[in-house]
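**Q** Fold the stuff below for me.
(one chain, ligands or ions: 1)
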Amino acid sequence: MDSKSNHSSPVLTDPIPINKSRLGIHSNLLSYPQSGGSLSPGKHKMTPRKKPAKLDDVRSNGWLDAMKSSSPPRKKLIKGFNIEVPADDIDIAYHSWMIKYPSALKSFEQISKHAKNKKIAVFLDYDGTLSPIVDDPDRAFMSDAMRSAVRNVAKYFPTAIISGRSRDKVYELVGLTELFYAGSHGMDIMGPVKHTGSDDGHPNCVRSIDQEGKEVNLFQPAREFIPMIDEVFRTLVENTKDIKGAKVENHKFCTSVHYRNVEEKNWPIIAQCVHDILKDYPRLRLTHGRKVLEVRPVIDWNKGKAVEFLLESLGLSDRDDVLPIYIGDDKTDEDAFKVLKEGNMGYGILVSSVPKESNAIFSVRDPSEVKKFLKALVRWKRLEEA
Ligand SMILES: O=P(O)(O)OC[C@H]1O[C@H](O[C@H]2O[C@H](CO)[C@@H](O)[C@H](O)[C@H]2O)[C@H](O)[C@@H](O)[C@@H]1O
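**A** Next up, the predicted model:
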């Protein structure tokens, strides 16, 4: 999958052509100070702090609270509702919550009515959406039935996976060549080549070849950060090696520190460890996922921007006859829900079995309901075409 073009990343240096400003791919993609030049390993690191780790930082900055509320199990505190309730009461709370976020399955007629004569584009998160959440990230497999549902969807609608994982990893897990893939929370997009010529020569986009030898566009707005992320990944591995259950993943443009299998009493230690490393890297920031701390570049790019980028690449942006549908379960998916909601275009569908505030319009409980929804879309389209 070698790049044919030899552009260096524009993120740090180049002005952005006017035709891309709609996509938000501006020079202000960077929201960190641009002094410092090269991002090669070691050069971007601030003077290492010698002081021993204190746990006060992560207690006071809200990290620990966020960690505790991420991926809440049933019978625990429900985020945003501030009550601890048993499972039966959770069911009641869930049903009242569904008034605000109705089931996408039960609302299918409404959705399909709105979709009539429109071109649907489908965007899917991976973990917790296509595959159930499991303890070992390396074993988060999607079922064959889900794969077949996604394959069928892609026969009728342009379909993309937008994941926090590296693009290669999520492709390996999904294994369908007929989709577009965006890894590292949208910072690594392999999308279609536009034949309008406007992508050509754009510094953020390089021509590449996909798994099937087809020409594609590779969009990597954080390319300059690869050495920095790699350096931080290695430091995180080293510094967390004595924390039982901790696992660090390198997603090329971001890195994840999992604490799902770490005893809760050690969460402050793992949080402080990440916090201390980040102090040396002002160009990186932390976001929270489901029992995972995610370290990523401070650039103005996220899953929402990735949706806009893909719609533009597919020739589907700024059109009244397009209906994007985004399905996801995590905080990082909220950026995509927000883009759809604020643009009044299409539907965000949150995958959640517990009540939580969201920018999504509809909800489904779990990946099995995602599968049902995808199948319903295909059934509806087939009937439409019959
Ligand atoms: O954007 P996504 O495709 O949802 O990826 C987000 C993170 O997903 C993975 O972690 C999550 O799923 C694991 C497997 O079920 C689970 O063990 C973990 O606790 C979850 O956070 C992936 O491993 C992360 O690197 C992604 O950032």
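
**Q** got the residues of the chain near the ligand?
**A** The chain comes close to the ligand at residues 125-128, 133-135, 137, 140, 163-165, 249, 256, 258, 260, 289-292, 294, 330, 332, as judged by Cβ under 6 Å from any ligand atom. All C-beta spots, glycine's among them, are computed from the backbone N, C-alpha and C.

**Q** Surely Lys118 and Val322 touch.
**A** Yes. Lys118 lies in contact with Val322 (Cβ atoms under 8 Å); the separation is 6.3 Å.

**Q** Which one's more surrounded, those two?
**A** Legend: neighbour count by other Cβ atoms under 10 Å for Lys118 and Val322, higher for Val322 (18 against 14).

**Q** Please report how far the more buried one lies from the ligand.
**A** To the ligand, Val322 is 23 Å away according to Cβ to the nearest ligand atom, to the nearest Å.

**Q** With adjacent residues omitted, what lies nearest to that residue?
**A** Excluding its sequence neighbours, the residue lying closest to Val322 (Cβ to Cβ, 6 or more residues apart in numbering) is Leu316, at 4.6 Å.

**Q** and the one you found, which of the three is it?
**A** Here Leu316 is recorded as coil under DSSP: H, G, I helix; E, B strand; the rest coil.

**Q** What pLDDT is listed against it?
**A** As predicted, Leu316 sits at a pLDDT of 94.

**Q** The one 4 residues further on too?
**A** Per-residue pLDDT puts Asp320 at 91.

**Q** now swap in Leu39 and tell me
**A** Looking at Leu39, its pLDDT is 48.

**Q** do the same with His202
**A** Value for His202, per-residue pLDDT: 60.

**Q** mind listing what's buried in the lowest-mean-pLDDT helix or strand in the chain?
**A** Every helix and strand of the chain was ranked by mean pLDDT, DSSP states H and E. The lowest is helix 56-60, at a mean of 72. Residues 57-58 are the ones in helix 56-60 that count as buried (16 or more other Cβ atoms under 10 Å).

**Q** other SSEs contacting that helix?
**A** The helices and strands touching helix 56-60, judged by 3 or more Cβ pairs under 8 Å, 6 or more residues apart in numbering; DSSP states H and E, are helix 267-279.

**Q** Now do the helix or strand just after the helix it packs on: distance to the chain's middle.
**A** With elements assigned by DSSP states H and E, the helix or strand that comes after helix 267-279 is strand 284-289. How far strand 284-289 lies from its chain's middle: 12 Å, per Cα atoms, centre = their mean, to the nearest Å.

**Q** Okay, now the sheet partners of strand 284-289, with direction.
**A** Strand 284-289 sits in its sheet next to strand 292-297 (antiparallel), going by DSSP bridges.

**Q** pretty sure Gly304 contacts Lys341?
**A** No. Under the criterion of Cβ under 8 Å, Gly304 makes no contact with Lys341, lying 10.0 Å away.

**Q** These two: which has the busier surroundings?
**A** Taking other Cβ under 10 Å, Gly304 and Lys341 do not tie; Gly304 has more neighbours (26 against 18).

**Q** Tell me the buried residues in stretch 302-315?
**A** Buried residues in stretch 302-315 (16+ other Cβ under 10 Å): 302-314.

**Q** would you put the C-alpha positions of it in PDB?
**A** Extracted as PDB, the C-alpha positions of stretch 302-315 are listed here (Å, rounded to 0.1, in the frame of the first residue of the first chain):
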ATOM      1  CA  ASN A 302     -11.900  14.000  14.700                       C
ATOM      2  CA  LYS A 303     -14.500  11.500  13.500                       C
ATOM      3  CA  GLY A 304     -16.900  14.300  12.600                       C
ATOM      4  CA  LYS A 305     -14.300  15.900  10.300                       C
ATOM      5  CA  ALA A 306     -13.700  12.500   8.800                       C
ATOM      6  CA  VAL A 307     -17.400  12.100   8.000                       C
ATOM      7  CA  GLU A 308     -17.400  15.500   6.300                       C
ATOM      8  CA  PHE A 309     -14.200  14.600   4.400                       C
ATOM      9  CA  LEU A 310     -15.600  11.300   3.200                       C
ATOM     10  CA  LEU A 311     -18.900  12.800   2.100                       C
ATOM     11  CA  GLU A 312     -16.900  15.400   0.200                       C
ATOM     12  CA  SER A 313     -14.700  12.700  -1.400                       C
ATOM     13  CA  LEU A 314     -17.800  10.700  -2.400                       C
ATOM     14  CA  GLY A 315     -19.300  13.800  -4.000                       C
END
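
**Q** returning to that earlier point: neighbour count says what about the residues of the chain next to the ligand? Which are buried?
**A** Neighbour-count burial (16+ other Cβ under 10 Å) is assigned, among those, to 125-128, 133, 137, 140, 163-165, 249, 256, 258, 260, 289-292, 294, 330, 332.

**Q** for the least confident helix or strand of the chain, the distance to its chain's centre please.
**A** Distance, stretch centre to chain centre, for helix 56-60: 27 Å (Cα atoms, centre = their mean).

**Q** Residues touching it, excluding its own?
**A** 64, 268, 271-272, 275-276 (Cβ atoms under 8 Å, 6 or more residues apart in numbering).

**Q** how about TSV for those residues, with pLDDT and neighbour count added?
**A** Shown next, in TSV, are the contacts of helix 56-60 (pLDDT from 0 to 100; neighbours: other Cβ atoms under 10 Å):
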residue	pLDDT	neighbour count
Leu64	87	17
Pro268	94	19
Ala271	95	24
Gln272	94	19
His275	95	19
Asp276	94	19
